[in-house]
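Visitor: coordinates only, sequence not included:
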């Protein structure tokens, strides 16, 4: 269960490409870095949540348990979140429909909190069976999208990300690069797509807000000049 | 009407009524809500407090048996028994508490002897316990059978492997430090280091190894080098798997027999069961902390949006209180109905807050705040509520729906969460409606009161987040000063503060120096320091222990440690032990007596100590040692309580046994007292220790006295500690009182009793009343005699200046040029010839008197001039057939039709040629001819022009003319008065209806005056000579505004078109001269054309349909031209090529004022009362403020502020970057638009015969200057700030020239 929301090979394919195409200079880089760290942080925290599901209390040493999963998982999550977070505003721009719905930091914070909450629920709550888990998580994820995004493009991208990421992680698992520590294999499989979807929506939300902020800063700067 | 709409209306109506209710009875409603909250939270009292502290439960040791593992067996006493007390405990803990002392004590013993020999006995004791076996009929039962068998330590605890038992009984004793091997102990040269080697260096709350092995808290063990009592205590801790009372009793009795405790008073009555809650590890804590951080970020970002209220923080607090108490209410209600929360409250709490959210609260605030300010508070609240009612209800329904869906997931945890959330949402809604709305109404009312106080102090209205900007402003001031072209200086703020009332000065002093904060901070630091120092476990012990451990010479400085010697005299060892008869089993009757005796003994011991200290000093040779006595007090009874509450969980966690949600039973300790002979102590002494440690009392008497000094001091230390305790208490009390007093003072200062009444008095300043600011402070009133520029007959309509010259134009179209320095009238255009008298005062009465009833006195005005008659007669023929042309003559703006022929050009040509238009009443004559039959102006208008234009004109007149500002005056001249004049045929109309047509716009540059006339003619006049240099007559529509910049003239016309002209001078030098002399550097590039030059005005470009409706505002700067029109839009043009860059949309009314400056900042104000700030580079709207009731009449900006005035006679000052209103100034009636900015810090506003100077940054009224007695009755309609720091005020037909520097110099 060590992996929480990684999309391991996705960034490797697209990362440099995207950044070379849409190189707006400094603010893009900064945005990417911020998103990267947000991704790493979320990965570590959510990883910890998943660990708790299986460990006993009084963990002997917490620090090691934070980094108990493979070392490359958090950086991958970070890269993935950077890519997704940059992809969302980019897509908005190309589609020509700027995202106007609830564009405030408070709403973004709410979104992140709900996302962590979904993770928390999936880690802490005991479900009767995996179908129930899947359905609940799917309902929650779609609720998240409806509450904070409501754009068709966001929904589509989220679905795509979830599909791709699940595919990649399953591929990795089948090839033995990575394996779940959980005895409950189906559990992971049932929640993974929903978590990926919710994560994509959340990171996209953050990315859009950051992009808006950067735009504002640029406008102000040029105004001052 | 559909069902939805009906519903919507009903909801809206209900909310409206509710808002009225809330705003009408705020206090009862808040009280009611508070009661509701308390009532709903009452069930929470029954819930256990959250926390991870262990819970205890005692049962008598007699007849103890482990509780059954099945609940419900013993329903008889459910009140006592906690629900966790089920099944066998994890372990029974048996402690054998050892107190050992060396007795009698010899003076030449070393410090280590205090604990070395007592510790050495532990091996023997452990051996005894380990080998104890119960022999009875059933056989032999050894300790191995009953004790808790432990396996491996956790793999991470390798370094403790030798110290903690593995694979056997869990039996802990200090002997574990030496692997339970006496040989190791004897070979150990430094016991203290061995003990302390595993102590953590950092501060930590969990159990340390020393505590674990000693079984008593470190400071009670007495294993240190200055143990005054010389009693060492430690415990052998034994964990048992099963409770075997006979085995334990036998162990107890055997140990007591072997090592009797003579004066032991321990009650061995109760088994204490300690239940440990689930403990939150760091691994769980990190996600929890993360969620809480996200929660706080959410709250922060949400509450940051609260704006435009009196107290931002208060409202934010109310919002948070609303959400939190709704959560509490939901938990309370759920508990009330029998739902016990099983979820971890701390974990789900942030999610609940996020789900419930602060949005509604913010939406409510925003909606209420954006209601019109002039409404009553009640109505504002009600209106705001009803505006948002639909969306609130919709959101609420949606959220409830989502949560209900969650309820059908059938997962118990989620269901419970949803249940809480639903109840929370409902109670949150209730609280929003009752609590928050009411708080909001109170807040808004406070703001209204503050508004009534007129000018808010700038400090109070500034957003709280920007205290730093004030300091910056202080610093920036001197830096800015050289940049301003004139010499106005504001006093430094300290001087200004001197004029404030005393209490405010004190407060400001406090605020400036941060005195209170610093005092409190210093007090806190001292307090903490004292606490840390006096804390027995604190810094002092730590420091001293370090010093003694590390310095080998430490012992030399150690004070001699006298022993509380008991009541007996020194030197009698045997007696000490026989004071209390040895009683193996204490009777309970004795206990109270003994305990009472103890303090007394303590006191006596102290006295004894004193006495003996003196005695020793006297004798100088203390040979004999003192006695030791081992006391068993009440504090020893359950000494494990003093251990860290993590002691037992930590111990068991080493063996991977969790105590979470389980319990252990702690059996009463077995007391063991060891008395050691001095010989024993000497025997076990390690050879190195003799060298390392000096003896307590070196034998040299010389040193003794020196060392006795601290010895005397010791009891003082005891007393000293008490004194510090009192000091701390006193300090705390004093600071508390101080704080209360301070708060009281602050309250009294900021919330005076006469809150509302105070403000009402100067809501409308009466004539003669002194203007004063919010502090009730009236600045000095001065009176100066300004230079009065008289000469105009009618109200002055246009004013323009370039610093040296001042050009004014009155309603009749007469242009006068004044010297801005001296006030002399230089030129009058058109030249009056005969009719100008020597004083320059135009003889105005004559023509007025000469115009009696128009019907019969038509001929009177024309007596002077043949020419006019000729003109009249020549024009009359076409007049009768060409009515629209007539309207152009009579100076209304209906003349858009381009019937260019007819007499009009000839008229103008005649006027231009002859320079003597005098008072041409031809138009009046014509009009009166026309008007014979019509009685009112509207009739006239309706047949003379398309009705749409009349309406337009009328609306213009209404919109702009309602105020008596300069703008209004002009429009009135167009509309109302013309109509009125026609209606009544009064002489006024005659003036307005000059053939020359009135001047609508005027600009001045260098010596050229550009005038735009109502008939569309553009004229360029020479200001000095008074000659017409050139004119352009192509446009037919009146020029409403024009801009003259360098050689470029832009004229905006009434029909919405825009003409770009360029001036070219053709002289002998064939190019324009530029005035470059340093003395007139104010406009270095303004062209000066000598009179010999021929100036050509060429139309370079025409934008025929720039706007759909008349252009009302025109400004140019930084190469950009901005037009504002009645069609609600603004357009930005590039000056060079007349290219339209942007069309700015955003106003919902006609544009009335525009401002643009060199920084490309653009501000616009409209009839909707809104101000928009734009970015000219991108064409985007930066901010949008609802500024005024009614039109925005004028607008100007400084580098940091936007200053606007409106028809509501209020001048508002806004922060330019954030769009936040800083404060507003209530103007006198009719002076609404009269304002001018002298420098970045100085604002001047007009009043009834006076001007007032304000400090823009602070909103302070600096001074009010009365401009002579004559002007007192007249409002200053217009203020123009000249570049040489003079102010021109427009008092109707007079101008006043005031020099500012002289004004401000008089302040001091």
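Guide: Looks like it came in fine. For clarity, every value in this text was computed on a predicted model and none was experimentally measured.

Visitor: enumerate every residue touching residue B:1254.
Guide: By C-beta atoms under 8 Å, 6 or more residues apart in numbering or on different chains, residue B:1254 lies in contact with B:1225, B:1242-1245, B:1260-1262. For glycine as for every other residue, the C-beta is placed from the backbone atoms N, C-alpha and C.

Visitor: quick check: closest non-adjacent residue to residue B:1124.
Guide: Among residues not flanking residue B:1124 along the chain, residue B:1151 sits closest, at 3.0 Å (C-beta to C-beta, 6 or more residues apart in numbering or on different chains).

Visitor: these two touch, right, that neighbour and residue B:1168?
Guide: No: assessed by C-beta atoms under 8 Å, residue B:1151 is found out of contact with residue B:1168, at 9.7 Å.

Visitor: those two: who's more crowded?
Guide: With neighbours defined as other C-beta atoms under 10 Å in any protein chain shown, residue B:1151 and residue B:1168 compare such that residue B:1151 has more, 29 against 21.

Visitor: the more buried one pairs with what?
Guide: residue B:1166 (DSSP bridges).

Visitor: residue B:410: what secondary structure?
Guide: Judged by DSSP: H, G, I helix; E, B strand; the rest coil, the three-state class of residue B:410 is coil.

Visitor: ok, now how distant is it from chain A?
Guide: 7 Å (C-beta to the nearest C-beta, to the nearest Å).

Visitor: who's in contact with that residue?
Guide: A:128, A:132.

Visitor: just after the helix or strand that contains residue B:430, pick out the following helix or strand.
Guide: Using DSSP states H and E, residue B:430 sits within helix B:412-431. As assigned by DSSP H and E, the chain's next helix or strand after helix B:412-431 is helix B:437-452.

Visitor: I'd like the average pLDDT over that next one.
Guide: If you average the pLDDT over helix B:437-452, you get 78.

Visitor: state the distance from the residue nearest to residue B:1124 to chain A.
Guide: From residue B:1151 to chain A the distance is 21 Å (C-beta to the nearest C-beta).

Visitor: equivalent analysis for residue B:1219, please.
Guide: Distance of residue B:1219 to chain A, computed by C-beta to the nearest C-beta: 13 Å.

Visitor: name the SS class of that residue, please.
Guide: Applying three-state DSSP: residue B:1219 is coil.

Visitor: so who does it touch?
Guide: Residue B:1219 touches B:1173, B:1182-1185, counting by C-beta under 8 Å, 6+ apart.

Visitor: if we use 6 Å, what do you get?
Guide: B:1183, B:1185 (C-beta atoms under 6 Å, 6 or more residues apart in numbering or on different chains).

Visitor: hmm, back to that, quickly note the distance from the residue nearest to residue B:1124 to residue B:1192.
Guide: 9 Å (C-beta to C-beta, to the nearest Å).

Visitor: quick one: the helices in the stretch 1201-1308 of chain B?
Guide: B:1300-1305 (DSSP state H, counting those that start in this stretch).

Visitor: for chain A, what is the nearest residue in it?
Guide: Nearest to chain A in the stretch 1201-1308 of chain B, going by C-beta to the nearest C-beta, is residue B:1217, at a distance of 8.6 Å.

Visitor: residues in contact with the helix or strand hosting residue B:362: which ones?
Guide: Residue B:362 is located in helix B:359-369, with elements delineated by DSSP H and E. Identification of contacts with helix B:359-369 by C-beta under 6 Å, 6+ apart yields B:305-306, B:308, B:319, B:381, B:384, B:387-388, B:392, B:432, B:436, B:440.

Visitor: make JSON lines out of these and add secondary structure.
Guide: Listed next are these as JSON lines, based on three-state DSSP:
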{"residue": "B:305", "secondary structure": "coil"}
{"residue": "B:306", "secondary structure": "coil"}
{"residue": "B:308", "secondary structure": "coil"}
{"residue": "B:319", "secondary structure": "helix"}
{"residue": "B:381", "secondary structure": "helix"}
{"residue": "B:384", "secondary structure": "helix"}
{"residue": "B:387", "secondary structure": "helix"}
{"residue": "B:388", "secondary structure": "helix"}
{"residue": "B:392", "secondary structure": "helix"}
{"residue": "B:432", "secondary structure": "helix"}
{"residue": "B:436", "secondary structure": "helix"}
{"residue": "B:440", "secondary structure": "helix"}
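
Visitor: tell me the one among the residues you listed nearest to residue B:1133.
Guide: Closest approach to residue B:1133 among these (C-beta to C-beta): residue B:308, at 34.8 Å.

Visitor: flag every residue of chain B that's near chain A.
Guide: B:154, B:156, B:281-284, B:286-287, B:290-291, B:294, B:297-298, B:301-302, B:351, B:354, B:402, B:409, B:411, B:413, B:653, B:658, B:660, B:1175, B:1177 (C-beta under 6 Å from any C-beta of the partner chain).
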